[in-house]
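**Student:** Give me a 3D structure for the following:
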Amino acid sequence: SKIFDTIAKTYQAYEHFLLVQAKRIFPVSDFVREQFPYRFWAKSQVVPNAVWERQITTRRQPAKPNFLFVGSLDRTHAWKGLELIIKAIAELRERHSVQATLTIMGDGNDRARYEQLVAGLGLQKAVMLTGNLSGAKKEAAFKDAYALVMYPTSANDAFPTVMLEAWARAVPVVSAAIGPMPSLINDKQDGLLVVPHSVNALATALYEATQMSSPARHVITANAGKRVREHYTWERQAERVDSLVREAL
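**Tutor:** Numbering: from 1, shown residues only. Sure thing, here's the model as predicted:
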């Protein structure tokens, strides 16, 4: 619409103004940095998202294929691909005869549409919408998760913190190979990448995840946990940002 186009152009102009005025720019990923005009690269330094070191833990991998989605259910966040994930769970159960379940952690003004989709596919017993969770309930959802599924349909997510939350808790991540994700996940080493925009491809990837041996899953979660500990803790980032800011002053 004309209104949306006007808002988008206004935002782009304001963003350009900020980039020009800034002494230093701290994008959260190389992917974001590469979206800037080349003339801004010299004053940009990637400072990724992070989690607290105390959140990094190990766990006994669950046997039941209960997948987890975490994100807003607002209409403006439809690009996170939850509709495709729900359909992939249905295909996984029907085509591969895997009694997989899906826990959806989040809430928003489009929740009713997702509930209707779940009912229409006959998944009422297989898909649970928990609303927003925190504290012990959130930890329990991650603990029970066979894998976190991220299947965005666009490159809107510059660096999803939920991926780090999963990695820190020894939860494997299955993600669409879109936007920054191929630069953040090493396929079959610390996560699984999937062709985007395809229910069939996602269902196949989820099936392959359920067939993965325990040693293979352990390698993926161990590699992911090591990456978080070495590169993505707030303790490390605080030191780095402090140093970069002092350089800019």
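**Student:** Please work out the average pLDDT along the helix or strand where A136 lies.
**Tutor:** Here A136 sits within helix 135-143, counting by DSSP states H and E. Helix 135-143 shows a mean pLDDT of 96.
**Student:** Would you check that A170 makes contact with R59?
**Tutor:** Yes: using Cβ atoms under 8 Å, A170 is in contact with R59, at 4.9 Å. All C-beta spots, glycine's among them, are computed from the backbone N, C-alpha and C.
**Student:** neighbour-wise, which of the two wins?
**Tutor:** Ranked by neighbour count (other Cβ atoms under 10 Å), A170 and R59 place A170 first, with 22 against 13.
**Student:** which residues are in contact with the helix ranked longest in the chain?
**Tutor:** Criterion DSSP state H: the longest helix present in the chain is helix 2-21. Residues from elsewhere that reach helix 2-21 (Cβ atoms under 8 Å, 6 or more residues apart in numbering): 25, 36-37, 40.
**Student:** In the protein, what helix or strand scores lowest on average pLDDT?
**Tutor:** Least confident helix or strand, the chain: helix 2-21 with a mean of 76, by mean pLDDT, DSSP states H and E.
**Student:** Run a quick neighbour tally on A22.
**Tutor:** As a burial measure, A22 scores 13 neighbours (other Cβ under 10 Å).
**Student:** Skipping adjacent residues, who's closest to it in space?
**Tutor:** K43 (7.0 Å; Cβ to Cβ, 6 or more residues apart in numbering).
**Student:** How much space separates that neighbour from A238?
**Tutor:** Distance, K43 to A238, using Cβ to Cβ, to the nearest Å: 21 Å.
**Student:** same question, E208
**Tutor:** Going from E208 to A238 by Cβ to Cβ gives 38 Å.
**Student:** of the two, who's got more company?
**Tutor:** Each of E208 and A238 has its neighbours counted (other Cβ under 10 Å); E208 has more, 14 against 11.
**Student:** Just give the nearest non-adjacent residue to the more buried one, would you?
**Tutor:** Distance criterion Cβ to Cβ, 6+ apart; nearest residue to E208, sequence neighbours excluded, is L192 at 7.6 Å.
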